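Asks: Generate coordinates for the sequence data below:
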Amino acid sequence: MGITPGSMRFNTDSMRLEYYRGGAVGFGTVSTGEWVSVATDSTHIETGGTRGLIASGNTNASKIEYANLATTGGIAEFGTISGTTGAYRTGTADRTRAVFFNAQNATDSQFVTIASQGNSASFVTMPNDYNQCASCSDGIRGFRVGGSDAGVTYNSIYQIIFQTTGVVIDWGDLSVSRLAFHGNMNPTRAVFAGGSSPGSTNGVASMEYIQMATQGNGSDFGDLIEAGKYRMSGCNAVRGLIAGGSISNSAARAIEYITLSTLGNAVNFGSLGGDANAGSNGACSSPTRALFVSIANNNTTNYAQIMHEGEIIQFGDLGFGRNYTGTTSNGHGGLGVG
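Replies: Numbering: from 1, shown residues only. As a prediction, the model looks like this:
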C-alpha cells in the first residue's frame, strides 16, 4: 500500500519533521516519492545547512562555486581563491566557515564565510605541502589527513579550530599512509576509505576511523567492497557514501555506503549516472543529499538521496568543468543532522 502524499513523520535520525512528497497514482497514494523536511524559522530546531562549495581544481583553479543542495540546478559563482591556485585542495567546514587546505606545491590554506559570496582569505600556513589529502570536521575542529609529496605517501593528521585562524597542530597518525581518498563523518567519528598506499598503487579496500574529540591515531573500521582510489565521499550523520573514482585503474561508477556509528564493511548503494570519473573530486552534503561534482572532468553533477539506495538524480551543471576539486558544505554529517 502506498504512502499518502502529505503524510507527516518525525525522523528520529535527523531530528526533523518531514512530509511525504510524490506523484499520485490512483486516489491518494504514490508509487514513488521522498520524505522532505518541513522548513522552520525556529531558532530552537536545527535543520542543517544546504549550501555546498566547490573550489579550485586542475582548470579554472581560482574559482569557487556554490550549490543550493535543497533544489536542483542551483549552482552559481561564489568568488575566487585568493591564495595559491591549483589542484588538490581539500575542503572542510563548520556551520559558518569553510576552510580549503593547501593546493599542490603550496602551504597556504584559505577560508570563506559560507553564507556570504566573496573571495577567500588566509586561514593558516600548513607545516608542509602534502596534497591529495582527505579532510573531516566535527563542527568545531577540522582535520587534514594523509596525502603525498614528492612521491612519498604520509599518514599524518593535522587539526585546526574553525574559529581560530593561524593555528594548526600535529594531531595523530593514520594506521596506513594514504593519498587520493576522502572522509565521511558524524559529529564524533570520521571514517577514511580506500585511497592509494605504498605497495597498493591501484587502491586499497581498507577503512579506518578516528574519534575527533580525542587526540590519537586511526583504528580499523572495515573494508570496502572494491579496493579503489580517488573516490568521492558524501554523508549525513547516519550514513556515508563512497562513490566513483578508480577501481583497478579503471573509471568506476559504483557507490557503496557505511553506517558511521557501526564498525563493519561497506554495502552496495547503486551507481553514478552519466560518465564515470577516475579523477579525484568530492561531494557536498546536506542532511538528505550527497552531490557528486564534476564527473568525468566536465561540468556534470549528480546527487543521491543518502538514505535511499539506488536513487541517483541529475542535479545541474557547474559553471566551470574541472577535476581534483575541493568541496565542503554547511550541512555535512559532522555537524550532527540527518
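
Asks: Backbone dihedrals for the residue lying closest to residue 324 once chain neighbours are set aside, please?
Replies: When the adjacent residues along the chain are set aside, residue 324 lies closest to residue 87, with 3.7 Å between them (CB to CB, 6 or more residues apart in numbering). C-beta here means a position set from N, CA and C on the backbone, and glycine is covered the same way. With angles defined as degrees, to the nearest 10, residue 87 shows backbone torsions of phi -80, psi 170.

Asks: ok, how many other residues are close to residue 87?
Replies: Using other CB atoms under 10 Å, residue 87 is surrounded by 21 other residues.

Asks: Would you mind measuring from the spatially closest residue to residue 68 that is not a sequence neighbour to residue 314?
Replies: Taking CB to CB, 6+ apart as the measure, residue 68 lies nearest to residue 74, with 3.7 Å between them; neighbours along the chain are not counted. In this view, residue 74 and residue 314 are 13 Å apart by CB to CB, to the nearest Å.

Asks: pLDDT value on the residue nearest to residue 68, please?
Replies: As predicted, residue 74 sits at a pLDDT of 75.

Asks: cool, residue 46 as well?
Replies: Turning to residue 46, the model gives it a pLDDT of 47.

Asks: got it, and residue 274?
Replies: The per-residue pLDDT reported for residue 274 equals 63.

Asks: Identify each of the strands in the stretch 1-150 of the chain and give its residue range.
Replies: Counting by DSSP state E, counting those that start in this stretch, the stretch 1-150 of the chain has strands at residues 8-11, 16-25, 29-37, 51-55, 63-68, 75-80, 91-93, 97-100, 108-113, 121-125, 134-137, 141-149.

Asks: Of all those strands, which one is nearest residue 167?
Replies: Counting by CB to CB, residue 167 lies closest to strand 121-125 out of the strands of the stretch 1-150 of the chain; the figure is 6.5 Å.

Asks: Could I get the phi/psi values of the residue nearest to residue 68?
Replies: Taking degrees, to the nearest 10, you get phi -90, psi 70 for the backbone angles of residue 74.

Asks: Just give me the neighbour total for it.
Replies: Residues near residue 74, counting by other CB under 10 Å, number 15.

Asks: OK, contacts around it?
Replies: 67-68, 316 (CB atoms under 8 Å, 6 or more residues apart in numbering).

Asks: Just the buried ones from those residues?
Replies: Restricting the contacts of residue 74 to buried positions leaves 67, 316, with burial counted as 16 or more other CB atoms under 10 Å.

Asks: can you put the contacts of residue 74 in CSV and add distance to residue 204 and pLDDT?
Replies: Listed next are these as CSV, based on distance: CB to CB, whole Å; pLDDT from 0 to 100:
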residue, distance to residue 204, pLDDT
67, 30, 94
68, 35, 94
316, 33, 86
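
Asks: Closest one of the contacts of residue 74 to residue 332?
Replies: Of all the contacts of residue 74, the one with the least separation from residue 332 (CB to CB) is residue 67, at 13.2 Å.

Asks: Provide a list of residues in contact with that closest one.
Replies: The neighbourhood of residue 67, defined by CB under 8 Å, 6+ apart, consists of 51-54, 74-75, 284, 291, 301, 315-316.

Asks: what do you get if the cut-off is 7 Å, keeping everything else the same?
Replies: When contacts are counted by CB atoms under 7 Å, 6 or more residues apart in numbering, residue 67 is found next to 52, 74-75, 284, 291.

Asks: next one: residue 123
Replies: Listed by CB under 7 Å, 6+ apart, the contact partners of residue 123 are 99, 109-111, 165.

Asks: so which pair among these is furthest apart in space?
Replies: 110 and 165 (10.6 Å).

Asks: which of these two has more neighbours?
Replies: Neighbour tally, residue 110 and residue 165, criterion other CB under 10 Å: the higher count belongs to residue 110, 27 against 15.

Asks: All set, thanks.
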